[in-house]
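Chemist: Prediction below, plus the sequence it came from.
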Amino acid sequence: RTLRFLFDGTYEEFKDTLYHMGSLPIPKWVRAHAEEIDTERFQTIFAKNDGAVSSPAAGLHFSRILFKRMELADIDSTFITVYMGNAHFRAVDVEDLSKHKMDSEKVVIPAESADAVNRAKRAGHKVVAVGITVVRALETYVTTTSEIREFDGWTNKFIFPPYHYSIPDAMITNFHLPQSTMLMNAAAFGGFDNVMNAYQVALKEGYQFGTYGDAMLII
């Protein structure tokens, strides 16, 4: 769908108006309404392109200090751009998951990022994907030799159990809402019983931040 707006002003004024009308999608059980500090907290340090409906929550766990520690430990990092849309937030209302239709999201994988991932795979190193949206983007267009290519387009890929992953060897993801497509993706990666056990531990230990701070590493 394409929406067109008639606005008496500049593009920057229009964007500021939209930002003023909207609000950060922080979990309602954390705080009923977003506050000024959330503008900084609920944002990654590496985001730079407008267009997503929500912050890539798994990326919230990375700081400049952590990136430096990774660098000192010879852990390389590379970036792709995923314009998160409403796809992951829509309810699944079919029992046969193969009939669920995902909305499309824009994905940009630069050539240098594709080369970095492919070099790591060829060298036998582990590839850790940060976030469900990144996992989906990496798995959208995979070659027969389990490599990725430079890509600028859209994906409506829906990953659910059982599924064989070609690119990531590990994943960092937040805790997701019940029956969500994000949870299904995580369960496909880590195994249903294993992931459900992690959720039981989270419930027992009182984890309550969801996309605003609680995360798990699946290896």
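Modeler: Okay, I see it.

Chemist: who touches the closest residue to residue 58 other than its chain neighbours in this structure?
Modeler: In space, and not counting its chain neighbours, residue 58 is closest to residue 131: 3.6 Å by CB to CB, 6 or more residues apart in numbering. In this view, the C-beta of every residue, glycine as well, is placed from N, C-alpha and C. Residues counted as contacts of residue 131 (CB atoms under 8 Å, 6 or more residues apart in numbering) are 56-59, 82, 172-173.

Chemist: And residue 131, how far from residue 218?
Modeler: 12 Å (CB to CB, to the nearest Å).

Chemist: Mutual contacts of the two, please.
Modeler: 172-173.

Chemist: Mind listing residues that contact the least confident helix or strand in the chain by mean pLDDT?
Modeler: Here the helix or strand of the chain ranked lowest by mean pLDDT, DSSP states H and E is helix 38-41, holding a mean of 85. Defining contact as CB under 8 Å, 6+ apart, one finds that helix 38-41 is touched by 24, 26, 31, 60, 212.

Chemist: Kindly recompute the last result at 7 Å.
Modeler: 24, 26 (CB atoms under 7 Å, 6 or more residues apart in numbering).

Chemist: can you give me the helices in the chain?
Modeler: Along the chain, the segments classed as helices by DSSP state H run 11-21, 38-41, 64-72, 111-122, 132-140, 181-190, 192-205.

Chemist: Tell me the confidence at residue 26?
Modeler: Residue 26 carries a pLDDT value of 84.

Chemist: Check residue 84 too.
Modeler: pLDDT at residue 84 comes out at 85.

Chemist: Same question for residue 175.
Modeler: 91.

Chemist: OK, contacts around the closest residue to it other than its chain neighbours?
Modeler: Spatial nearest neighbour of residue 175, chain neighbours left out: residue 214 (4.9 Å); criterion: CB to CB, 6+ apart. Residue 214 sits next to 174-175, 202, 207 when contact means CB under 7 Å, 6+ apart.
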